[in-house]
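Visitor: Here is a sequence together with a model predicted from it:
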Amino acid sequence: KKEQAALREKMQAEERLDAAIAELRKLTKGNKEGASFSRTTSNLNLPLVGGTVRKYKGNMAEIVGKAGAAVRSIYEGKVVDVRRNRISGKYDVFVAHGEYITSYANLDAVSVEKGQKVAKNGTLGEVGASVNLNTMETEYKMVFGIYSPNPKEEMRASDCFRKK
């Protein structure tokens, strides 16, 4: 029952994230910060310092690391929103790179605010703890997402980090 409840919560969180991204796309119109970012941008650092990718799922990547590890922006841009999750108490940070958006979810602390410009690899906050549903152990992970200005255009998170 615990696992089912956690899975339901995760699915609901993904639905809320999709709705939030739709709203954030409105805020990116005409954004010039990080405007050189495109769907072909690659060879970027992972957003979690010392992290490793556990899995990719389309435009999302689940990245695990160590307690207290810094979360950083993959590219220069502008923070378009910082939200606190009502259920988990963790933070989500959304950065616009031109009209593209990246999301950084499950942060324990944030070091940026809405409207702030961030540099490529600039610190956004600190990774949060969560429970691994397979092992029920505490782990430190974040969920990264990337969104095109065109909602019909799929972007793959794995393409951003692919080395050419």
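Guide: Cool, the structure landed.
Visitor: Spatially, what comes nearest to the residue nearest to the spatial centre of the chain if we skip its sequence neighbours?
Guide: Closest to where the C-alpha atoms of the chain average out (C-alpha atoms, centre = their mean) is Y104, at 2.3 Å. Distance criterion C-beta to C-beta, 6 or more residues apart in numbering; nearest residue to Y104, sequence neighbours excluded, is V93 at 4.6 Å. For the C-beta atoms, the positions are set from N, CA and C on the backbone; glycine is no exception.
Visitor: count of residues packed around that neighbour?
Guide: 26 (other C-beta atoms under 10 Å).
Visitor: likewise L24?
Guide: By other C-beta under 10 Å, neighbour count at L24 equals 18.
Visitor: Next, the contact list for it, please.
Guide: V80, D81, F94, A96, I101 (C-beta atoms under 8 Å, 6 or more residues apart in numbering).
Visitor: Please repeat the previous calculation with a cut-off of 6 Å.
Guide: By C-beta atoms under 6 Å, 6 or more residues apart in numbering, the contact list for L24 reads V80, D81, F94, I101.
Visitor: between the residues you listed, which is nearest K26?
Guide: V80 (9.6 Å; C-beta to C-beta).
Visitor: element containing that closest one, please.
Guide: strand 77-84 (DSSP states H and E).
Visitor: Which neighbouring elements make contact with whichever helix or strand comes after that strand?
Guide: As assigned by DSSP H and E, the chain's next helix or strand after strand 77-84 is strand 91-97. Strand 91-97 sits against strand 77-84, strand 100-110, with contacts defined as 3 or more C-beta pairs under 6 Å, 6 or more residues apart in numbering; DSSP states H and E.
Visitor: Could you export strand 91-97 as PDB, CA atoms only?
Guide: C-alpha atoms of strand 91-97 as PDB (Å, rounded to 0.1, in the frame of the first residue of the first chain):
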ATOM      1  CA  TYR A  91      11.700  23.000  -3.900                       C
ATOM      2  CA  ASP A  92      11.400  23.000  -7.700                       C
ATOM      3  CA  VAL A  93      13.400  25.600  -9.700                       C
ATOM      4  CA  PHE A  94      12.500  26.500 -13.400                       C
ATOM      5  CA  VAL A  95      15.100  28.200 -15.600                       C
ATOM      6  CA  ALA A  96      14.400  29.600 -19.000                       C
ATOM      7  CA  HIS A  97      17.100  29.400 -21.700                       C
END
